[in-house]
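1. return a 3D structure for these sequence lines:
(one chain, ligands or ions: 1)
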Amino acid sequence: MKKIEHIGIAVNDIENSNKLFHALFNAPPYKQEVVVSENVITSFFACGENKIELLQGTSPESAISKFIEKRGEGIHHIAFAVDDIVAEIKRLKSEGFELIHHEPKAGADNKIIAFLHPISTNGVLIELCQDKPE
Ligand code: ZN
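-> Coordinates of the predicted model:
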């Protein structure tokens, strides 16, 4: 793993949170994107070299909506950049980590992603992400 790629924050109302984070960073989101397959709306803020992803569920079935129902708004996941997500999934499995996704899938912000199950990572939801191959 190379570095923290972004931190994901689950929010109830992304329009309100966009205003809040715009004021916090003194800059608007550089990208907003609906990820239909995940039932989420996302927006991305840059803070220096770091990124913050806000996520709002678009249906009660969304993992984000379920997370907020259980735990309230707040930090949802930490994403780490990797060069070769397939190799990293294989390596982590062999180390005994539980994966939610055994194959990479399309994520927001031109990434392919996979999540580790928080049961094997001290309750922290971890996302692996790799730039989408050209
Ligand atoms: Zn993310």
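2. from now on I want contacts and neighbour counts done on CA atoms only, so please keep to that.
-> Fine.
3. so how far is stretch 12-28 off the chain centroid?
-> Here stretch 12-28 is found 17 Å from its chain centre; the criterion is Cα atoms, centre = their mean, to the nearest Å.
4. should've said stretch 73-85
-> 5 Å.
5. report the mean confidence score over stretch 6-14.
-> Averaging pLDDT along stretch 6-14 gives 97.
6. ok, stretch 63-83 next?
-> 96.
7. before we move on, what about stretch 40-48?
-> For stretch 40-48, the per-residue pLDDT averages 96.
8. same deal with stretch 106-113?
-> Averaging pLDDT along stretch 106-113 yields 90.
9. return the set of buried residues in it.
-> 107-109, 111-113 (16 or more other Cα atoms under 10 Å).
10. swap in stretch 28-38?
-> Buried positions in stretch 28-38, judged by neighbour count with 16+ other Cα under 10 Å: 28-29, 32, 34-35, 38.
11. do the same with stretch 15-31
-> 17-18, 21, 28-29.
12. starting at the chain centroid, how far to that stretch?
-> Relative to its chain's centre, stretch 15-31 lies at 17 Å (Cα atoms, centre = their mean).
13. next: stretch 9-29.
-> Counting by Cα atoms, centre = their mean, stretch 9-29 comes out at 16 Å from the chain centroid.
14. who's in contact with it?
-> Contact with stretch 9-29 is made by 41-47, 52-57, 64-65, 67-68, 73-77, as judged by Cα atoms under 8 Å, 6 or more residues apart in numbering.
15. could you redo the last one with a cut-off of 7 Å?
-> Residues from elsewhere that reach stretch 9-29 (Cα atoms under 7 Å, 6 or more residues apart in numbering): 43-45, 47, 53-56, 64, 68, 73-76.
16. ChimeraX command for the buried members of those?
-> One line in ChimeraX is enough to select the buried members of the contacts of stretch 9-29, burial here meaning 16+ other Cα under 10 Å:
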select :43,44,45,53,54,55,56,64,68,73,75,76
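17. need the max-distance pair from the contacts of stretch 9-29.
-> Cys47 and Ile68 (24.6 Å; Cα to Cα).
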